[in-house]
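fold the following, please.
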Amino acid sequence: MKISNWRWLGLVGLVLGGVVLGLIGIKKRQSASKRTERELGPRPSLSLSEISLSRAEIERLVKEFLAQNQYPAEFEIVKKERVDWPTGALGCPKPGKVYTQSVEPGYRLLVKVKSETLELHLSIRSRRLVQCQ
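This next block holds a predicted model:
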């Protein structure tokens, strides 16, 4: 089947027109996002040491963790240490699991439950607690 020169030229024009329109659309979206950034101003960036949780929030998270793991409701936070965990494992990697490879700001907590002392690691971002054994 032969395509005449005029049809071939029309087909090429149609394809090129679509490409040009696509590029114009991409450029408009990029300039719109830049405009939004300019309007909003620079995003404030907190250093990891400035990120923290209130004592009440930490106690609430510990209480929920203990309830989920069948520990008594009575507890005391003996020690709270601000830590930047090197990965999403929060200092307690488990074999075969994959973790985020970014610094996770958090806390190392020593929690006394009856006569037992638990070491719990907390992520500030995800509000996740893990028990290290």
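
in terms of secondary structure, what does the strand or helix carrying residue 64 contact?
Using DSSP states H and E, residue 64 sits within helix 55-68. Packed against helix 55-68 by the contact rule (3 or more C-beta pairs under 8 Å, 6 or more residues apart in numbering; DSSP states H and E) you find strand 76-85, strand 104-113, strand 116-123, strand 129-132. Yep, even glycine has a C-beta here, placed from its N, CA and C like the rest.

winner for burial among those?
With neighbours taken as mean count of other C-beta atoms under 10 Å, those reach their highest mean count in strand 104-113, at a mean of 20.

save the helices and strands packed on helix 55-68 as JSON lines, and put in distance to residue 53 too.
Output for those, formatted as JSON lines (distance: least, C-beta to C-beta, whole Å):
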{"stretch": "strand 76-85", "distance to residue 53": "10"}
{"stretch": "strand 104-113", "distance to residue 53": "7"}
{"stretch": "strand 116-123", "distance to residue 53": "8"}
{"stretch": "strand 129-132", "distance to residue 53": "11"}
